[in-house]
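Student: Structure, please.
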Amino acid sequence: MGFWEVLLVLLIAFIVVGPQKLPTIARELGKGIHWLQKSWSDFKVTAAREFDASEDNKNNSQWNKKKS
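Tutor: A predicted model of the protein is given here:
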């Protein structure tokens, strides 16, 4: 988003919400975005671990079949 788009969004938010509640809403929105980013990061780490574990099991089972 460019400068003018951000300015327009802030102006509309200021008109709709009002100056008293705008800081509270912005703070809560920031906390929500932070929570989503942390959750997405945790999900990616967990998915990568599970994928690596399944690849290890797959490779080990193929190795055991060749060995027998």
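Student: now for the helix or strand hosting K38, which elements pack on it?
Tutor: Assigning secondary structure by DSSP states H and E places K38 in helix 22-67. The contact analysis (3 or more C-beta pairs under 8 Å, 6 or more residues apart in numbering; DSSP states H and E) places helix 22-67 against helix 3-17. Placement of C-beta: from N, CA and C, glycine included.
Student: one step back: tell me the angle the helix holding K38 makes with helix 3-17.
Tutor: Comparing the axes of helix 22-67 and helix 3-17 via axes from the mean of the first three to the mean of the last three C-alpha atoms, to 10 degrees yields an angle of 120 degrees.
Student: Quick one: mean pLDDT over helix 22-67.
Tutor: Helix 22-67 shows a mean pLDDT of 83.
Student: quick one: that helix to chain centroid distance?
Tutor: 10 Å (C-alpha atoms, centre = their mean, to the nearest Å).
Student: Can you get me a residue count around L22?
Tutor: When neighbours are counted by other C-beta atoms under 10 Å, L22 registers 14.
Student: tell me the contacts of it?
Tutor: A13, F14 (C-beta atoms under 8 Å, 6 or more residues apart in numbering).
Student: ok, now the one 4 residues further on?
Tutor: A26 makes no contacts at all, as judged by C-beta under 8 Å, 6+ apart.
Student: how close does it sit to P19?
Tutor: 12 Å (C-beta to C-beta, to the nearest Å).
Student: From E50, how far out is K44?
Tutor: Distance from K44 to E50, by C-beta to C-beta: 11 Å.
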